[in-house]
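**Q** Take a look and give me a structure for this.
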Amino acid sequence: VNGSAEKAVLARTLQEGHIVGNHSHEHKNLRTLSIAQLDSQLERTQALIVEAGETRRFMRFPFGSAGCAAAQRVRDSGYTITGWHVDTADWCFASSTGGVGHCAKSTFKHVPDSYRGDMAAFTLSQVRKYNGGIVLYHDIHQNTANSLEGIITSLEAEGYTFTSLDDTDTFPRLNGLTPPFVGDACAHDSQC
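**A** Below you'll find the predicted structure:
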């Protein structure tokens, strides 16, 4: 987010009630950077986020790649680290010639062959497999933008609902809360 167009998108995103988190400034593998370089990546992006009016402090590592030192530094800087439950591999489907929606096995081996040409079906299968969760998409891919409405409609038809990362009922630990105990507290205690 450097130019006025990107800043306008960021401002609109916040005005519409979405959460904007830190994902680094240059999308580097933060595991490989020094602490000073990591700090620079976080601070440069956070300055833009704060300038736009966001106060939440979520952070997702590019590629999900974080060593212990980097993760600790991010936490010490006041961020809550988030990840994903469902990797839609939208980046892989977009990597084909013209972004036509084919994910080559040589690019990402974790997509079953039966889904190599169908990101939507792959996404739906993963959401069902994990019974929901945080679903990872990248807004820079046209194939993702073209597919998202149909995927959302299909998931809603199956009874899935959508929420944000700051939903304390859905993500209590992510928001610093201890989830309520579910079950029988005396099941294994002979003194109850």
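**Q** only C-alpha atoms for contact and neighbour calcs from this point on.
**A** Will do.
**Q** what packs against the lowest-mean-pLDDT helix or strand in the chain?
**A** Within the chain, no helix or strand scores below helix 4-15, which has a mean of 87 by mean pLDDT, DSSP states H and E. Applying 3 or more C-alpha pairs under 8 Å, 6 or more residues apart in numbering; DSSP states H and E, one finds that helix 4-15 makes contact with helix 35-52.
**Q** which of the residues in the helix it packs on are buried?
**A** 38-39, 41-43, 45-46, 48-49, 52 (16 or more other C-alpha atoms under 10 Å).
**Q** So which residues make contact with that helix?
**A** When contacts are defined by C-alpha atoms under 8 Å, 6 or more residues apart in numbering, helix 35-52 is touched by residues 1, 7, 10-11, 14, 20-26, 30, 55, 70, 73.
**Q** of those residues, buried ones?
**A** 7, 10-11, 14, 20-25, 30, 70.
**Q** neighbours of residue 168, just the number please.
**A** 15 (other C-alpha atoms under 10 Å).
**Q** Identify the residues contacting it.
**A** Listed by C-alpha under 8 Å, 6+ apart, the contact set of residue 168 reads 174-175, 177.
**Q** Spell out for me the PyMOL command that would select the buried members of those.
**A** Burial among these is assessed by 16+ other C-alpha under 10 Å; the matching PyMOL selection reads:
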select buried, resi 174
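**Q** Cross the contacts of residue 168 against helices and list the overlap.
**A** Applying DSSP state H to these, no entry is found in helices.
**Q** Check the contacts of residue 168 against residue 148 and report the nearest one.
**A** Using C-alpha to C-alpha, residue 174 is the member of the contacts of residue 168 that lies nearest residue 148, at 25.1 Å.
**Q** For the contacts of helix 35-52, name the two members farthest from one another.
**A** 11 and 70, at 28.5 Å, using C-alpha to C-alpha across the contacts of helix 35-52.
**Q** Got the phi and psi for residue 90?
**A** Main-chain torsions, residue 90, degrees, to the nearest 10: phi -60, psi -30.
**Q** just to revisit the earlier point, for the buried residues of helix 35-52, give me TSV that also has distance to residue 84 and pLDDT.
**A** Below are the buried residues of helix 35-52 laid out as TSV (distance: C-alpha to C-alpha, whole Å; pLDDT from 0 to 100):
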residue	distance to residue 84	pLDDT
38	21	95
39	23	96
41	21	95
42	20	95
43	23	94
45	21	91
46	21	92
48	24	89
49	21	90
52	25	89
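**Q** hey, where'd the helices end up in the protein?
**A** 4-15, 35-52, 68-76, 90-94, 119-130, 142-157.
**Q** one step back: which one of the buried residues of helix 35-52 is nearest to residue 169?
**A** Nearest to residue 169 among these is residue 49, at 25.5 Å by C-alpha to C-alpha.
**Q** Quickly note the distance from that closest one to residue 13.
**A** The spacing between residue 49 and residue 13, counted by C-alpha to C-alpha, to the nearest Å, is 11 Å.
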